[in-house]
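Peer 1: Need coordinates for the following:
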Amino acid sequence: MITSPKSRTLIAAFVALAAVAHAQQYPKQAQLPNPYRLVENWPTVPQNMNGGRWGELIRADIDPKGDIWVFHRCFNTEPAGAATCVGRTEPPILEFNPAGKLLTSFGGGMFAFPHGFTVDAQGNVWVSDANANETVLGLSAKDESGLVRGHQVFKMSPTGKVLMTLGKKGVKGNGPDTFDQPTGIAVAPNGDIFVTDGHGKNDRVVKFSKDGKFIKTWGHHGAGPGEFDQPHDISIGGSQNRVYIADRSNNRVQIFDQDGSFIAAWKQFGRPSAVFIAKDDTLYVSDSHSNSTVNPGYTRGITVGSAKDGSIKYFIPDPDLAQAEVNRISGASGIVADAKGTIYAADVGPHKLRKYVLK
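Peer 2: Next up is the predicted model:
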């Protein structure tokens, strides 16, 4: 086995060059067809919730019944791009039926900075609070017990009961029981839990058993294979149940097996904020950051391709594309699709929950 630092550096450089070459064989997103149609005025936000208007959304997912769940930032828009629930009482977790009717809401007062989100095969809701600040907009982020909310992952029942907590409230760390602003969550078919620990300095993935016991961690800051720079989202799926990670500040999607062994890195999907893999191996990736100075040559929007070989097929432009040069973040930071290929995109910048159907 080659173990010298020089050899590892050469291998990393080779893989990086191979990833670039792999990306260059594909057309840019703007050259791809868009066979999707936006469903207008979906969903229906009740008037008693912020006058029926969204604030920043961060993630969306679909439960086993086919209902759509949303994790949003309590209808707030400040600070822009990182809106807070501090000082707000609105519920950040909402459930809609496919027709867009609100069914359930809960979680008010529980979170400071909603971020990671997924629904498991049993319908349980997994959420993360990526807050790292004691005060936000001059308001205290402490809870009723005096602890600063943040650095935690919660498993909740479909009715909002907390079933499991990972991490320590307000405690930043890189150990087996602490996080530094966890960004994404995925649950494997066997119940294993994967968390991207990505908005702080850890730049890693942490794996737990279904009962919350620490198994392992992999990754650290860097640009080589298996290294990360702001792993922003994570999804497990497809025919091989591989782990797909939106390695945002490295402008790539990284693929691993569930033991953390590196498989591939793809740059043809732009600067990914969100990633989702369907059962039929369709890969959906949302780029909400690229512009002429950040990852130039790529366009903000949703790219649809293959989770097997990385080929790209369709592209949906960002609805806020005209603001790409002035907004730090736009478009979808959360994305999911159902078995029919209907796409749901949770927008941070445009303050929308978009629903796309095939034309």
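
Peer 1: CA only for contacts and neighbour counts going forward, please
Peer 2: OK.

Peer 1: where's the nearest residue in space to residue 349 that is not next to it in sequence relative to residue 129, distance?
Peer 2: Nearest residue to residue 349, sequence neighbours excluded (C-alpha to C-alpha, 6 or more residues apart in numbering): residue 330, at 4.1 Å. For residue 330, the distance to residue 129 (C-alpha to C-alpha, to the nearest Å) stands at 20 Å.

Peer 1: ditto for residue 221
Peer 2: Residue 221 is 21 Å from residue 129, by C-alpha to C-alpha.

Peer 1: Of the two, which one has the most company?
Peer 2: residue 129 (25 against 16; other C-alpha atoms under 10 Å).

Peer 1: what about residue 167, distance to residue 179?
Peer 2: Between residue 167 and residue 179 the distance is 6 Å, computed by C-alpha to C-alpha.

Peer 1: Actually, residue 296.
Peer 2: Taking C-alpha to C-alpha, one finds residue 296 at 32 Å from residue 179.

Peer 1: And residue 214, by the same measure?
Peer 2: Using C-alpha to C-alpha, we find residue 214 at a distance of 12 Å from residue 179.

Peer 1: Looking at these two, which has the bigger crowd around it?
Peer 2: Per other C-alpha under 10 Å, whichever of residue 214 and residue 179 has more neighbours is residue 179, with 32 against 17.

Peer 1: thought the more buried one was touching residue 152?
Peer 2: Yes: contact status for residue 179 versus residue 152: in contact at 6.9 Å, counting by C-alpha atoms under 8 Å.

Peer 1: what touches both of the two?
Peer 2: Both residue 179 and residue 152 are in contact with 167, 168, where contact means C-alpha atoms under 8 Å, 6 or more residues apart in numbering.

Peer 1: right, and the secondary structure at the residue most central in space within the chain would be what?
Peer 2: Nearest to the mean C-alpha position of the chain, counting by C-alpha atoms, centre = their mean, stands residue 233 at 3.3 Å. Following DSSP: H, G, I helix; E, B strand; the rest coil, we place residue 233 in the strand state.

Peer 1: Give the closest residue to it in space, chain neighbours not counted.
Peer 2: residue 184 (4.6 Å).

Peer 1: Hmm, residue 199 and the one you found touching each other?
Peer 2: No: assessed by C-alpha under 8 Å, residue 184 is found out of contact with residue 199, at 9.8 Å.

Peer 1: Looking at the two, which one has more neighbours?
Peer 2: Comparing residue 184 with residue 199 by other C-alpha under 10 Å, the one with more neighbours is residue 184, at 32 against 21.

Peer 1: Could you report the distance from the more buried one to residue 353?
Peer 2: Distance of residue 184 to residue 353, computed by C-alpha to C-alpha: 19 Å.

Peer 1: and what of residue 149?
Peer 2: According to C-alpha to C-alpha, residue 149 and residue 353 sit 26 Å apart.

Peer 1: same thing with residue 132?
Peer 2: 26 Å.

Peer 1: Of these two, give the one with the bigger neighbour count.
Peer 2: Between residue 132 and residue 353, residue 353 has the larger neighbour count (other C-alpha under 10 Å), namely 26 against 21.

Peer 1: show me what contacts that one?
Peer 2: For residue 353, the contacting residues are 42, 43, 57, 344, 345, 346, 347, by C-alpha under 8 Å, 6+ apart.

Peer 1: Give me the contacts around the helix or strand hosting residue 186.
Peer 2: Assigned by DSSP states H and E, residue 186 belongs to strand 184-187. Contact with strand 184-187 is made by 115-118, 120, 126-128, 193-197, 232-236, as judged by C-alpha under 8 Å, 6+ apart.

Peer 1: I appreciate the help and will end here.
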